[in-house]
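>>> Provided below are the primary sequence and the corresponding predicted coordinates.
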Amino acid sequence: MAKQSGLTGWLNPVLLTLWVGALWMTAITASVLFKTIPDHMLAGNVAGKLFTNVSYIGLVSGLWLLIQRLASDGFSAFKQGLFWVILIMWILVLIGEFGIQPLLAQLKASALPNDVMQSVFASRFKTWHGVASIAYMIECLLGVWLVVKSN
C-alpha cells in the first residue's frame with residue numbers, strides 16, 4: 001500500500017493487522033474451543049459468535065481499505081494486486097456471513113432440540129461447514145499474502 005500521511009498513514013496498517021490477526025486468532029481459538037469444551041454444541045455456538053465478530057471487523061476494515069485505495073489511486077487501483085486481494089477477501093466475508101452462516105444457522109434450528117450433527121441435516125451441515133472452512137482458510141492465506149506484500 002502506498003505511503004499516506006495523517007489518519008490513513010497509521011490507520012490502514014492497523015486495520016489490516018486487526019483484520020488478518022483476528023482471522024488467524026479466531027481460527028486458532030475455535031480449534032482450542034472444540035478440544036476444551038466437552039459440549040460441542042456450546043463450543044460451536046461460541047466459535048460462531050467469534051467468527052461473526054471477525055466478519056464485522058473484516059467488513060469494516062476491508063471496505064475502508066478499498067475506499068482508501070480508490071481515493072488515493074483512482075481507477076489505477078483496479079490494476080493493483082493488493083486491491084484485488086482485499087476485494088476478494090471482503091467478498092469472502094460477505095459470502096460467509098450473509099450467505100453460508102444463515103444457512104448453517106437454519107440447519108441448526110431445524111435440528112432442534114437435537115444437535116445438528118445428530119440429525120437428518122448432518123450431511124448438509126457438514127458440506128456447507130466445509131465450504132465455509134475452505135473460504136475462511138483462503139481468506140486467512142490471502143490475508144498473510146496481503147500483510148507480506150503491503151510492507
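Sure thing, it's come through.

>>> where do the helices sit along this structure?
6-36, 40-73, 81-95, 101-111, 122-149 (DSSP state H).

>>> worst average pLDDT in these?
For those, the weakest mean pLDDT is recorded on helix 6-36, namely a mean of 88.

>>> what is that one packed up against?
For helix 6-36, the elements it packs on are helix 40-73, helix 122-149, judged by 3 or more CB pairs under 8 Å, 6 or more residues apart in numbering; DSSP states H and E. Where C-beta positions appear, they are placed from N, C-alpha and C, glycine not excepted.

>>> reformat those helices as JSON lines; add mean neighbour count and distance to Phe83.
Output for the helices and strands packed on helix 6-36, formatted as JSON lines (neighbours: other CB atoms under 10 Å; distance: least, CB to CB, whole Å):
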{"stretch": "helix 40-73", "mean neighbour count": "17", "distance to Phe83": "5"}
{"stretch": "helix 122-149", "mean neighbour count": "15", "distance to Phe83": "10"}
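
>>> quick one: which of these is nearest Leu23?
helix 122-149 (4.9 Å; CB to CB).

>>> adding distance to Ala105, write the helices and strands packed on helix 6-36 out as JSON lines.
Output for these, formatted as JSON lines (distance: least, CB to CB, whole Å):
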{"stretch": "helix 40-73", "distance to Ala105": "8"}
{"stretch": "helix 122-149", "distance to Ala105": "10"}
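
>>> which one of these lies nearest to Ile86?
helix 40-73 (5.1 Å).

>>> need the phi and psi values for Val120.
Backbone dihedrals for Val120, given as degrees, to the nearest 10, come out at phi -70, psi -10.

>>> and it, how many neighbours does it have?
11 (other CB atoms under 10 Å).

>>> burial count for the nearest residue to it once chain neighbours are set aside?
Leaving out its chain neighbours, the residue that sits closest to Val120 by CB to CB, 6 or more residues apart in numbering is Ala111, at 7.9 Å. Ala111 has 18 neighbouring residues, counting by other CB under 10 Å.

>>> now Ala111: how far from Glu97?
Using CB to CB, to the nearest Å, Ala111 is found at 21 Å from Glu97.

>>> same check on Val147?
22 Å.

>>> check the offset of stretch 82-94 from the chain's centre.
Chain-centre distance of stretch 82-94: 10 Å, with CA atoms, centre = their mean, to the nearest Å.

>>> can you show me the CA trace of that stretch as PDB?
Output of stretch 82-94 as PDB, limited to C-alpha atoms (Å, rounded to 0.1, in the frame of the first residue of the first chain):
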ATOM      1  CA  LEU A  82      -3.300  -5.600  -3.400                       C
ATOM      2  CA  PHE A  83      -6.700  -4.000  -4.300                       C
ATOM      3  CA  TRP A  84      -8.000  -7.300  -5.800                       C
ATOM      4  CA  VAL A  85      -6.800  -9.300  -2.800                       C
ATOM      5  CA  ILE A  86      -8.600  -7.000  -0.400                       C
ATOM      6  CA  LEU A  87     -11.700  -7.200  -2.600                       C
ATOM      7  CA  ILE A  88     -11.600 -11.000  -2.800                       C
ATOM      8  CA  MET A  89     -11.200 -11.200   1.000                       C
ATOM      9  CA  TRP A  90     -14.100  -8.800   1.500                       C
ATOM     10  CA  ILE A  91     -16.300 -10.700  -0.900                       C
ATOM     11  CA  LEU A  92     -15.500 -13.900   1.000                       C
ATOM     12  CA  VAL A  93     -16.600 -12.200   4.200                       C
ATOM     13  CA  LEU A  94     -19.900 -11.200   2.600                       C
END
